[in-house]
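K.L.:
the following comprises the amino acid sequence and a computationally predicted model.
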Amino acid sequence: MIIGVVRFGLHLPGAGSLKDKRRILLSLKDRIKNKFNVSVAELEDNELWQKSVIGVAVISNDKKHANAVLTKTTNLVESHPEIVVSEIQMEWL
């Protein structure tokens, strides 16, 4: 069993309130979950308007498959127009 985790440090320059931030993150998290069937959660900076840390986890029996899913997830996050990715950390368990 392979568990892959990627952690994204995000900057949301267009968020003017927590409501804006949560709207942007909810949209992003739903797109990731629906497209890749992975677990997604906001991990840190819950009360800051323009900053967030989210984590994505995938479980697979093949490391190549898990790596492909996390790479595609990274591409999706980086292409989101309302988000600037400040940090990416990938880890295997």
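P.N.:
Nice, thanks for sending it over.
K.L.:
how far off centre is the longest helix along the chain?
P.N.:
Across the chain, the longest stretch assigned as helix under DSSP state H is helix 18-36. Offset of helix 18-36 from its chain centre (C-alpha atoms, centre = their mean, to the nearest Å): 9 Å.
K.L.:
walk me through which strands the helix or strand following it pairs with, and which way each runs.
P.N.:
Next helix or strand after helix 18-36 toward the C-terminus (DSSP states H and E): strand 39-44. Counting by DSSP bridges, the strands paired with strand 39-44 are strand 51-60 (antiparallel).
K.L.:
immediately after the partner strand, which helix or strand?
P.N.:
Counting by DSSP H and E, the element after strand 51-60 in chain order, helix or strand, is helix 63-78.
K.L.:
list the buried residues in that following helix.
P.N.:
For helix 63-78, burial by neighbour count (16 or more other C-beta atoms under 10 Å) applies to 66-67, 69-70, 73-74, 77. Where you see a C-beta, it was placed from the backbone N, CA and C, and this is true even at glycine.
K.L.:
how about residues contacting it?
P.N.:
Outside of helix 63-78, the residues within contact range by C-beta atoms under 8 Å, 6 or more residues apart in numbering are 2-4, 6, 8, 10, 28, 31-32, 35-36, 38, 56, 58-60, 83, 85, 88, 90, 92.
K.L.:
of these, buried ones?
P.N.:
Neighbour counting over the contacts of helix 63-78 (16+ other C-beta under 10 Å) leaves 4, 6, 8, 10, 28, 32, 36, 38, 56, 58, 60, 83 as the buried ones.
K.L.:
wait, the fourth one touches residue 55, no?
P.N.:
This means residue 10. No: counting by C-beta atoms under 8 Å, residue 10 sits too far from residue 55 to count as a contact (11.2 Å).
K.L.:
run through the chain and note the low-pLDDT ranges.
P.N.:
Along the chain, no part satisfies pLDDT under 70.
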